[in-house]
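Participant: Everything below, folded, please.
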Amino acid sequence: MPLDVMLGYIGGDSLVRTLSLAGTDTLARTMAYTDTLRQAMKYMYLMDDYDPIRFFQWSGWTTTQILHYRTAPDYLCEALVYRARVACPDTQRTAVLGASDIIAYVHVNATQTKIDTNAAHAIHATLVSCTMLDTIKGRRIPNCWSNDAGSKLKSPGTAAVSVARAEGSQPSVPGACLQFEISPEWSRVGSSHHPGWPGMSFGINDSTVGQGFAGRPGPWVQPDVDYIVLLRFQGIGGDSLFQYASVFPIQWFGNACCMYPVLGGTVYDPYDDFGFGPSRTPAQFIAGLRSRIYSITHP
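Facilitator: Sure, this is the predicted structure:
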C-alpha cells in the first residue's frame, strides 16, 4: 500500500473514532477550498483509486465498526464530497471526480432490462455489461456476475442483485469485464450548472436515461457503443457476513448521468460538463480528466 494511501486511512480512521456526527458536519463546514478541503479530497481520492472495493468496505457502517467508530466513515466521505460541491469553484467537477469509485472508458457489449417490483420509483432495472478499454480511476473492479454478456437476468433477480452476486475483484485493465446498473426512468440531468445548492437544476430541459442522444433512437446506453463512465458503489444492504453493493453512475452531476457516449470518434457532451470544449476525442477527453485529477492529487 502506498504511503499516501496508508496515511489517508490512518487519518480517516482517527477522525471517525473521535468525531460525532455533529462534529463531522462542523469540521466539513469549516474546511476552505484553498487549504484543508483540497488536502482531504487528495487523500480520499488516493484511497479510493488504489482499491475502491477496499475503500467501500472501510467506509460502510457494519456491526463491527459501530463498536469502534463514533461516526461511519461513509458519513465523513459524504460530508467532504458535499463540501467540495459547495465550496470548490469548479462547478462540482472536483466533487464528482472525488465521489466516483470507478472512472473508465468502456465498450458496452449488452444491456438486459427487467422490471424490479421492489423499486419505489424507477421500476425498470438494466444490467449493463462492458469491456474495459481504459482505466482512469479505480485500480480494481468487481468481478462480473456472468461472463456470458448475453445471458438473461433470472427471475426474481434484478440488476442490483446480479451485480451484488459477483464475488471478488479483478485488476481494472483493458479487456476486463465491468458491469453496472441503470434505470431508463432516471433523469440524466444533474445539478452542476446551477449556481446555488446541489440537488437543484434549472435552465435545461429534463430528459431521462431511457431517451436517446444526438437524434439516435433508443435508450441512452446502447450495445456496441463506447462510453466514458463515472460510477459509484451503492450499498443495498447486508447481513452478518457481508455488505452488498451495486454499481451506479453518479446522477447528480452534469447532463449525461455521468455516461458519455462516443459517436464518430467524438465524445458526446453537448453541455460541456467538464469544460473541455466541443468535439473532444476520447483521448482528449480522458487527458482532460487526468489533468483535473492531477490537480486533486497534487494540491
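Participant: Is Gly288 in a helix, a strand, or coil?
Facilitator: helix (DSSP: H, G, I helix; E, B strand; the rest coil).
Participant: Can you find the helix or strand of the chain with the lowest average pLDDT?
Facilitator: helix 63-66 (a mean of 54; mean pLDDT, DSSP states H and E).
Participant: Would you indicate which residues of stretch 116-135 are buried?
Facilitator: 116, 122, 124-130, 132-133, 135 (16 or more other Cβ atoms under 10 Å). C-beta: built from backbone N, CA, C; applies to glycine.
Participant: After the least confident helix or strand of the chain, which helix or strand is next?
Facilitator: helix 73-87 (DSSP states H and E).
Participant: And that next one, how far out from the chain middle?
Facilitator: Between the centre of helix 73-87 and the centre of its chain there are 14 Å (Cα atoms, centre = their mean, to the nearest Å).
Participant: what does it rub up against?
Facilitator: 12-13, 15-16, 19, 21, 24-25, 27-29, 31-33, 37, 40-41, 44, 58-61, 65, 92, 94-95, 98-99, 197-198 (Cβ atoms under 8 Å, 6 or more residues apart in numbering).
Participant: Surely Asp134 is in a helix?
Facilitator: No: judged by three-state DSSP, Asp134 forms no part of a helix; its state is strand.
Participant: low-scoring stretches of this structure, by residue?
Facilitator: 61-67, 119-120, 146-167, 191-206, 238-243 (pLDDT under 70).
Participant: can I see the domain layout of it?
Facilitator: 3-89, 102-282 (automatic domain parsing).
Participant: Need the ones you listed in a markdown table (columns: distance to Ser295).
Facilitator: Below are the domains of the chain laid out as a markdown table (distance: least, Cβ to Cβ, whole Å):
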| stretch | distance to Ser295 |
| --- | --- |
| domain 3-89 | 9 |
| domain 102-282 | 12 |
